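*Asks:* Sequence unavailable; structure follows:
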């Protein structure tokens, strides 16, 4: 097994002020190509710490990717640290300097800027498409080391060169093959129980269940591609799980719930409108995060105040007074009103108590009613979500998408 | 300087499928208390890799926190790895087992479940308030080691005990003192230039600029609290930066732009309504993410389709046809209409092209018009945002909040 490690460099990351997204991007790419993750280290902008981390990781891994610290400020010390860890001096590369002269910003400190033209002896440069800092490749006694910029799009623009170089050095690595099944509408224990028998029957495959608010993912992996037996096993396990989970499965691989719902609305040429209270626009924001959503989404009303429910959605004063804004009755009137004012084919409403304030013993925080309305019928559903304001809102928006999904499924 | 390291355990993290948030939470807490971050390692569920990471990090640090791998499944191997790294056997603790007998889920594998009652020789348990897995404290020859659960709320519920123990062992550590200044409305180079002189004048302090789509943060740090000279320096630097950045500064410390806008609307008793097109509800979702926002936010219309702009916001067919939906004129009518239909004091509208489709040479992707309308006047603004769909939408929503902020500031 070929092992890789990642070293993420930056004091803003080790102090917790900035979130590292590079390491998970890199890890997914390399894992997907069949390499085994060893460690991910995050280190501050210290030559000493970085060079010792490099020394440790190169003993442990076949591939080491550093990201961050290649720019032209005082904090950027990755080049120096790499040079120290390898015991190789930094050398000025004239061709890099020539290239960089064109990029020198007006008023910049030249000496600092041209730091970026130095590489450790024996290293190769990866010329950047974006930004000014070149990436670095060093083959250091068995461990292939890459140093890449920390800015995510500068880093990803170099990944083509990185992968090519890795595959030249480790040509026989069979890429790992995976299938991902996406689920919404049940908890992890139930899902785990339902697929337990499949896991036992396919002991050559790996199964991982990842549960979150937005979805549950089941990842099935085989360490052997271009192997028809294993591919066959993967497909069979995927099909058995999909069958046993039934309508809990909303899609496969990278699809999101809003994409699954969107493509079904588009296919059936159904126009949707939403009426949101406690989610405050989260549902419509999710729906419109999908490119092309204007083909099936007309829009929505965020009726945070009761007056707006009455003025824009024709909710009756009687229902608001008798049952309260968070009630089955008001959810029903919101959905029916939303459909009427927008002339959409389908409308979905959400009204609830996201908290932290506003709960009562009768109507606690987390109580949410939703209604779905088409040209013949309006159906309501009650939810009692647990968690803080953010969790309640996210669960409500996702459950609303799921109501639409199941409605479309029933249409046949 | 007392150095800390963090070891995050879980194959789902090293493969990039699950995002680690624990390490940044831990790093912020420990950095804030004056400890210096050494390294953060993420390791897969492998006894071998974890125990070697522990061995490496305990040589390098005074405090080591492990998180994850303490539960009762086959993947949970942190206890075994810690035992191997320390060269100390795992022992059954009767008091933990007794406690756990009450928590045993029906049908669970008893042997696996009671794994959680084993600790390395000489270790202490941190009893969990949530979940079943106890935390572990071991004082290992100069390095104080903690093993905590990976579930974020289980981990944070143990942080009180962790901090108490750390402060008993390292009592004299002066906590680091920080000030954070929050900025919106200018790029990082301009901000850096404007505060350059202050950074030079306060060489004893540390300055970090973190730029993102939602805001720019300037973090000023001093490694000495309860020291009136340094506190004084911090305050002076903060005041000078705040003065030189003027109305770019929207707040301090942990405040967000939506909170800053919300508290100002509340203070002035101004009711807001929104009309969104390309942002699809992102603006109202942000506004309502603040608890108590119902006191100043009436709601909004997401008018994705032109028909909705006409039906719910009274936008004229003439303006839509002559100028197009993405125009100064339609933005103006949207804002005026939004205020009229909602009877709000203030309305803000957004119309633009988020992409990837829909752009033309005249009206490219990223073109966005916004208008703000009160009882006397409607003002519009044009933006040309760069980036993909998600970036354009986020920049637009944040710029809309900033328009409201600057409007309120001018009111005096």
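*Replies:* Right, received. Where do you want to start? This structure is a prediction, so every number in the text was calculated from the model and none was measured. Numbers count the residues shown, from 1 in each chain, chains lettered A, B, ... in the order given.
*Asks:* helices or strands up against the longest helix along chain A?
*Replies:* Secondary structure of chain A read by DSSP state H shows that its longest helix is helix A:389-411. Helices and strands touching helix A:389-411, by 3 or more CB pairs under 8 Å, 6 or more residues apart in numbering or on different chains; DSSP states H and E, are helix A:257-268, helix A:282-288, strand A:346-352, strand A:367-373, strand A:378-384. Backbone N, C-alpha and C define where each C-beta goes, glycine included.
*Asks:* So, low pLDDT: which residues of chain A?
*Replies:* Chain A contains residues with pLDDT under 70 at A:172-175, A:223-226.
*Asks:* that older thread, export the helices and strands packed on helix A:389-411 as CSV, with columns for mean neighbour count.
*Replies:* Formatted as CSV, the helices and strands packed on helix A:389-411 follow (neighbours: other CB atoms under 10 Å in any protein chain shown):
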stretch, mean neighbour count
helix A:257-268, 19
helix A:282-288, 29
strand A:346-352, 29
strand A:367-373, 25
strand A:378-384, 15
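*Asks:* I'd say residue A:88 and residue A:122 touch.
*Replies:* Yes. At 6.3 Å, residue A:88 counts as touching residue A:122 under the criterion of CB atoms under 8 Å.
*Asks:* rewinding a little: so which of the helices and strands packed on helix A:389-411 comes closest to chain B?
*Replies:* Between chain B and those, the shortest gap by CB to the nearest CB is with helix A:282-288, which sits at 2.7 Å.
*Asks:* Touching the closest one from outside, list them.
*Replies:* A:258, A:261-262, A:272, A:274, A:276, A:293-294, A:297, A:299-300, A:302, A:348, A:350, A:393-394, A:396-397, A:400-401, B:279-282, B:285, B:302, B:304 (CB atoms under 8 Å, 6 or more residues apart in numbering or on different chains).
*Asks:* quick one on the thing from earlier: give me the more crowded residue out of residue A:88 and residue A:122.
*Replies:* residue A:88 (16 against 12; other CB atoms under 10 Å in any protein chain shown).
*Asks:* Give me the three-state assignment for the more buried one.
*Replies:* The three-state label given to residue A:88 by DSSP: H, G, I helix; E, B strand; the rest coil is coil.
*Asks:* could you measure it against residue A:161, distance?
*Replies:* Look at residue A:88 and residue A:161: by CB to CB, to the nearest Å, they are 21 Å apart.
*Asks:* What residues of the longest helix of chain A count as buried?
*Replies:* Neighbour-count burial for helix A:389-411, with 16 or more other CB atoms under 10 Å in any protein chain shown as criterion, is recorded at A:389, A:392-405, A:407-408.
*Asks:* try stretch A:18-25
*Replies:* Residues A:18, A:20, A:22, A:23, A:24, A:25 are the ones in stretch A:18-25 that count as buried (16+ other CB under 10 Å).
*Asks:* closest to residue B:215 among these?
*Replies:* Among the buried residues of stretch A:18-25, residue A:18 lies closest to residue B:215 (CB to CB), at 12.4 Å.
*Asks:* Now the closest one: closest residue in space that isn't a chain neighbour?
*Replies:* residue A:12 (4.0 Å; CB to CB, 6 or more residues apart in numbering or on different chains).
*Asks:* part of a helix, is the one you found?
*Replies:* Yes. Residue A:12 sits within a helix when classified using three-state DSSP.
*Asks:* and stretch A:152-167 with chain B, contact?
*Replies:* No. Counting by CB under 8 Å from any CB of the partner chain, chain B is not contacted by stretch A:152-167; separation bottoms out at 9.7 Å.
*Asks:* repeat for stretch A:213-226
*Replies:* Yes. With CB under 8 Å from any CB as the measure, stretch A:213-226 is seen reaching chain B through A:217, A:219.
*Asks:* Tell me which residues are up against that stretch.
*Replies:* Counting by CB under 8 Å, 6+ apart, A:34, A:174-184, A:186, A:188, A:191, A:195, A:202, A:204-210, A:230-231, A:233-234, A:237-238, A:241, A:250, A:256-257, A:391, A:394-395, A:398, B:17 sit against stretch A:213-226.
*Asks:* What residue in the stretch 101-250 of chain A comes nearest to chain B?
*Replies:* Counting by CB to the nearest CB, the stretch 101-250 of chain A gets nearest chain B through residue A:210, at 5.6 Å.
*Asks:* surely that residue meets residue B:19?
*Replies:* No. Applying CB under 8 Å as the test, residue A:210 and residue B:19 come out as separate, 10.4 Å apart.
*Asks:* Ok, which of the helices and strands packed on helix A:389-411 comes nearest residue B:128?
*Replies:* Of all those, it is strand A:378-384 that lies closest to residue B:128, at 25.3 Å by CB to CB.
*Asks:* got the residue ranges for the strands in the stretch 151-300 of chain A?
*Replies:* Assigned by DSSP state E, counting those that start in this stretch, the stretch 151-300 of chain A shows strands spanning A:177-183, A:206-211, A:216-222, A:249-252, A:272-276, A:297-303.
*Asks:* Name the residues of the second one that are buried.
*Replies:* Neighbour counts using 16+ other CB under 10 Å place A:207, A:208, A:209, A:211 of strand A:206-211 among the buried residues.
*Asks:* What of the fourth one?
*Replies:* Using 16+ other CB under 10 Å as the burial criterion, the residues of strand A:249-252 that qualify are A:249, A:250, A:251.
*Asks:* Please name the bridge partners of the last one.
*Replies:* Using DSSP bridges, the bridge partners assigned to residue A:251 are residue A:182.
*Asks:* Skipping adjacent residues, who's closest to the residue of the stretch 101-250 of chain A closest to chain B in space?
*Replies:* Residue A:210's closest residue in space is residue A:217 (CB to CB, 6+ apart), at 4.5 Å.
*Asks:* so how many other residues sit close to that neighbour?
*Replies:* Residues lying near residue A:217 (other CB under 10 Å) number 18.
*Asks:* Run a quick neighbour tally on residue A:31.
*Replies:* Based on other CB under 10 Å, the number of other residues close to residue A:31 is 22.
*Asks:* again, but for residue A:56
*Replies:* 24.
*Asks:* Residue A:129 too?
*Replies:* The burial count for residue A:129: 10, using other CB under 10 Å.
*Asks:* Is it in contact with residue A:159, as I believe?
*Replies:* No. Look at residue A:129 against residue A:159 with CB under 8 Å: they stay out of range, at 11.2 Å.
*Asks:* For residue A:369, list each beta-bridge partner.
*Replies:* residue A:351, residue A:382.
*Asks:* Identify the residues contacting it.
*Replies:* Taking CB under 8 Å, 6+ apart as the test, what residue A:369 contacts is A:326, A:327, A:328, A:330, A:331, A:350, A:351, A:352, A:380, A:381, A:382, A:383.
*Asks:* Kindly report the same for residue A:395.
*Replies:* A:213, A:383, A:385, A:387.
*Asks:* residue contacts, the nearest residue to the second one once chain neighbours are set aside?
*Replies:* It stands for residue A:383. Once flanking residues are discounted, residue A:383 sits nearest to residue A:368: 4.6 Å by CB to CB, 6+ apart. Listed by CB under 8 Å, 6+ apart, the contact set of residue A:368 reads A:278, A:326, A:350-353, A:382-385, A:392, A:396, A:399.
*Asks:* how about those in CSV, adding distance to residue B:51?
*Replies:* Shown next, in CSV, are these (distance: CB to CB, whole Å):
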residue, distance to residue B:51
A:278, 48
A:326, 53
A:350, 49
A:351, 53
A:352, 48
A:353, 48
A:382, 50
A:383, 45
A:384, 44
A:385, 41
A:392, 41
A:396, 44
A:399, 43
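*Asks:* ok, so of the residues you listed, who is nearest residue A:83?
*Replies:* Relative to residue A:83, the closest of the contacts of residue A:368 is residue A:392; by CB to CB it sits at 52.1 Å.
*Asks:* measure that closest one to chain B for me?
*Replies:* Separation of residue A:392 from chain B (CB to the nearest CB, to the nearest Å) stands at 11 Å.
*Asks:* Repeat that for residue A:41.
*Replies:* Taking CB to the nearest CB, one finds residue A:41 at 5 Å from chain B.
*Asks:* same thing with residue A:72?
*Replies:* Going from residue A:72 to chain B by CB to the nearest CB gives 13 Å.
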